[in-house]
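Undergrad: Next come a sequence and a model predicted from it.
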Amino acid sequence: MTRNDLKPLKLNRAIPLTILFLILMIFSSSSLSSQEPIRFEDHFLDKAMRINFYLVGEAKEEQIIIHSIYQEELWPESRTNLTNPFNYGHYFVKVYEVASNKLIYARGFDCQFGEYKTTTPALNGVKKVFQQAVRIPWPRRRVNVVFEARDRKNLLHPLKVETIDPEDYHHIKENNRAGDEVFEIKKSGPPAERVDLVFLAEGYRAEEKEKFVADARKFSGYLFEVEPYRSNQEKFNIYGIFRPSAESGTDEPRQKAYKNTVLKSSFNALDLDRYLLTEEGFMIREMAAAAPYDTIVILVNSKRYGGGGIYNDYCITTVDNQASKSVFLHEFGHSFAGLADEYYTSEVSYNEFYPQGTEPLEPNITALLDPENLKWKELLSPGISLPTEYGKEEMERFQAERRANFQELNKALEEARKKNLKEAELKKIQAGFQEKDQAIQARLRTVREKYRDLEDKVGAFEGAGYSSKGLYRPMIYCLMISSPKMEFCRVCQRAIQQMIEYYSR
């Protein structure tokens, strides 16, 4: 049977959390004291258990409410790497056998609720509910499933313990594929020994099935154009799953455009116009389960610029924008390899997403709290200074001048149109501002040329993780910020390679 050992917990209630933390420490110490390897067949069946749950709360408190448990027909992930070696993810699910208190499975993940907690509405106490799902191997015996969440210092604390009996007849074992069509795009080997990527169709009508198949093949090609994916093509299996939508496209709330689609994706996620996500967490996993999958990509049939990526959850991107290739590679870096955003000048909805004085979890940004033990020190260029000066302040000043110049141009043109000036006069106004912009760009190029030799160096370049100050990235250019060469920096390549090996070994 399934039961709650403890009531749903709130992170600001110290007494019950202390009790639960002690329980967890007993579990952990028991598992850590044993050096014997975890043999998949000793603890699990070749099936998957999908746990659907709700994350409820705001910035100061949250709780998990279990909704349902489904059985999926096979376990496609690694059978040897069962306790995740990566410390990524602001949430963790850990599985302990009841009889022995032995840790037999662990996995980190992120979710949209984790991002919502840092927004202004959440800080003002506005509660929201988000669907989330995690998948574990189907246990042979009763287990304690422990959900953990991180505090602002990135320390994990228990949020909920659920005791699950795999024999409980309440678990749902029906086939819920709903007539989805599965397409095999690339097959390299057994699912448990490969990275299994699945593309889901979103916003494609029934008559657009062939377009989805073509788009899935095209985006598979994009992936293998860049390293380290290019060198690891034979470690991937790729599938497409088609379920038709009633209408093409996706919701665009600010434009007052709404579409009836399978996964109910929408721009304006977290009130950011370009941010594209879906809150149908249960439906995503139900649809993906029609094929073996380790990682999910949702292809949205739209020409607009936008997308999103959440670690160990899903990646989503539009397919017909001129920037869709770079958006996909960037967002897949989030969802598959746990990479952080390295940009810092764009508008975001978060408030101090990375707290000062705390080292970020992600492998490609750092607060540089301990320069002698930088997380990518093995890749540092010889003789590089930390932090690494690269003309940032000068470039930012010139970039700010360019933005101000464009704003002045738009204002001037607006005033000119109100006065009904002729086209020749408008062009004359534009020419003056363009001449000024060209002069600013020339000074910007001079600064970039001064530091040209640093473009291929690994150091610690300030400006990353939405912050101009206090956070650092490994290289000047990368697909996680912007890349003229459409490539990942060497630190991100290493992180991606490690994740490929985790799934495929």
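TA: Alright, I've got the coordinates.
Undergrad: C-alpha from now on. contacts and neighbour counts both.
TA: Noted.
Undergrad: immediately after the lengthiest strand in the chain, which helix or strand?
TA: Secondary structure of the chain per DSSP state E: the longest strand is strand 44-57. Using DSSP states H and E, the helix or strand that directly follows strand 44-57 along the chain is strand 62-72.
Undergrad: Report the buried residues of that next one.
TA: Residues of strand 62-72 classed as buried: 62-66, 69-72 (neighbour count, 16 or more other C-alpha atoms under 10 Å).
Undergrad: Centre of the chain to the helix or strand just after that strand, how far?
TA: Later in the chain than strand 62-72, the nearest helix or strand by DSSP H and E is strand 91-97. Distance, stretch centre to chain centre, for strand 91-97: 20 Å (C-alpha atoms, centre = their mean, to the nearest Å).
Undergrad: just checking, what packs against strand 91-97?
TA: Applying 3 or more C-alpha pairs under 8 Å, 6 or more residues apart in numbering; DSSP states H and E, one finds that strand 91-97 makes contact with strand 103-109, strand 143-150.
Undergrad: wait, which of those is closest to R304?
TA: strand 103-109 (28.0 Å; C-alpha to C-alpha).
Undergrad: now the angle from that closest one to strand 91-97?
TA: Strand 103-109 and strand 91-97 are oriented at 170 degrees to each other (axes from the mean of the first three to the mean of the last three C-alpha atoms, to 10 degrees).
Undergrad: average pLDDT for the helix or strand following strand 103-109?
TA: The helix or strand immediately downstream of strand 103-109 is helix 112-116, counting by DSSP H and E. For helix 112-116, mean pLDDT rounds to 96.
Undergrad: residue boundaries of the strands in the stretch 101-250 of the chain?
TA: Ranges of strands within the stretch 101-250 of the chain are 103-109, 128-139, 143-150, 156-164, 181-186, 195-202, 236-242, based on DSSP state E, counting those that start in this stretch.
Undergrad: Repeat that for the stretch 301-450 of the chain.
TA: Counting by DSSP E, counting those that start in this stretch, the strands of the stretch 301-450 of the chain are 307-310, 314-318.
Undergrad: Okay, now the sheet partners of the longest one, with direction.
TA: Partner strands and pairing direction for strand 314-318 (DSSP bridges) are strand 295-300 (parallel), strand 307-310 (antiparallel).
Undergrad: how distant is the first one from the center of its chain?
TA: I take that to be strand 295-300. 12 Å.
Undergrad: With adjacent residues omitted, what lies nearest to the residue nearest the centre of the chain?
TA: Closest to where the C-alpha atoms of the chain average out (C-alpha atoms, centre = their mean) is I310, at 2.2 Å. Spatial nearest neighbour of I310, chain neighbours left out: S335 (4.6 Å); criterion: C-alpha to C-alpha, 6 or more residues apart in numbering.
Undergrad: burial measure for the one you found, as a count.
TA: Number of residues near S335 (other C-alpha atoms under 10 Å) recorded here: 24.
Undergrad: you'd agree it is up against G309?
TA: Yes. Assessed by C-alpha atoms under 8 Å, S335 is found in contact with G309 at 4.9 Å.
Undergrad: what's the overlap in contacts for those two?
TA: Taking C-alpha atoms under 8 Å, 6 or more residues apart in numbering as the contact rule, S335 and G309 both touch C315.
Undergrad: Can you tell me which of the strands of the stretch 101-250 of the chain is most buried?
TA: strand 195-202 (a mean of 28; mean count of other C-alpha atoms under 10 Å).
Undergrad: Name every strand pairing with that one and say which way it goes.
TA: By DSSP bridges, strand 195-202 pairs with strand 236-242 (parallel), strand 295-300 (parallel).
Undergrad: Indicate which one of those strands is closest to E378.
TA: Minimum separation from E378 across the strands paired with strand 195-202 (C-alpha to C-alpha) falls at strand 236-242, 27.6 Å.
Undergrad: So C492 lies in a helix, does it not?
TA: Yes. Assessed by DSSP: H, G, I helix; E, B strand; the rest coil, C492 belongs to a helix.
Undergrad: Leaving out chain neighbours, which residue sits closest to it?
TA: N364 (6.1 Å).
Undergrad: what's the domain layout of this protein?
TA: When the chain is parsed with automatic domain parsing, its domains come out as 2-164, 181-337, 392-450.
Undergrad: List the buried residues for stretch 379-393?
TA: 380, 386, 388, 390.
Undergrad: ends of it, how far apart?
TA: Length of stretch 379-393, first residue to last, C-alpha to C-alpha, to the nearest Å: 25 Å.
Undergrad: any idea of the mean pLDDT in that stretch?
TA: 95.
Undergrad: Which parts of the chain are helices?
TA: Under the criterion DSSP state H, the chain contains helices at 14-33, 40-43, 112-116, 120-123, 209-223, 281-288, 324-337, 392-418, 423-450, 490-504.
Undergrad: Closest one to Q434 out of the buried residues of strand 62-72, please.
TA: Looking across the buried residues of strand 62-72 and measuring by C-alpha to C-alpha, the closest to Q434 is E62, at 51.7 Å.
Undergrad: What residues are bridge-paired with the closest one?
TA: Beta bridges link E62 to G57, judged by DSSP bridges.
Undergrad: Give me the pLDDT value at the residue located most distally from the centre of the chain.
TA: For the chain, the residue at maximal distance from the C-alpha centroid (C-alpha atoms, centre = their mean) is K422, at 49.7 Å. As predicted, K422 sits at a pLDDT of 85.
Undergrad: for it, phi and psi?
TA: phi -70, psi 160 (degrees, to the nearest 10).
Undergrad: Spit out the contact partners of it.
TA: K422 neighbours (C-alpha under 8 Å, 6+ apart): none.
Undergrad: in the stretch 51-200 of the chain, what spans have low per-residue confidence?
TA: Along the stretch 51-200 of the chain, segments meeting pLDDT under 70 span 176-178.
Undergrad: at 80 what do you get?
TA: Filtered on pLDDT under 80, the stretch 51-200 of the chain yields the residue ranges 175-178.
Undergrad: Pull out the CA atoms of stretch 224-240 and give them to me as PDB.
TA: Extracted in PDB, the C-alpha atoms of stretch 224-240 (Å, rounded to 0.1, in the frame of the first residue of the first chain):
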ATOM      1  CA  PHE A 224      25.200  16.400 -34.100                       C
ATOM      2  CA  GLU A 225      26.600  19.400 -35.800                       C
ATOM      3  CA  VAL A 226      28.300  20.600 -32.500                       C
ATOM      4  CA  GLU A 227      30.700  19.000 -30.100                       C
ATOM      5  CA  PRO A 228      30.600  16.900 -28.100                       C
ATOM      6  CA  TYR A 229      27.400  15.500 -29.600                       C
ATOM      7  CA  ARG A 230      29.100  15.100 -33.000                       C
ATOM      8  CA  SER A 231      31.700  12.700 -31.600                       C
ATOM      9  CA  ASN A 232      29.100  10.700 -29.700                       C
ATOM     10  CA  GLN A 233      26.400  10.100 -32.300                       C
ATOM     11  CA  GLU A 234      26.500   6.400 -31.800                       C
ATOM     12  CA  LYS A 235      25.600   6.800 -28.200                       C
ATOM     13  CA  PHE A 236      22.200   8.200 -29.000                       C
ATOM     14  CA  ASN A 237      18.800   6.600 -29.800                       C
ATOM     15  CA  ILE A 238      16.300   9.200 -31.000                       C
ATOM     16  CA  TYR A 239      12.500   8.900 -31.400                       C
ATOM     17  CA  GLY A 240       9.600  11.200 -32.400                       C
END
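Undergrad: Can you get me a residue count around the residue nearest to C492?
TA: Around N364 there are 27 residues (other C-alpha under 10 Å).
Undergrad: correct me, but it touches A340?
TA: Yes. The pair N364 / A340 is scored as a contact, 6.4 Å apart, by C-alpha under 8 Å.
Undergrad: picking up where we left off before, same list (the strands paired with strand 195-202) but as CSV, adding mean pLDDT and distance to A214.
TA: Putting the strands paired with strand 195-202 into CSV (pLDDT from 0 to 100; distance: least, C-alpha to C-alpha, whole Å) gives the following:
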stretch, mean pLDDT, distance to A214
strand 236-242, 98, 10
strand 295-300, 98, 11
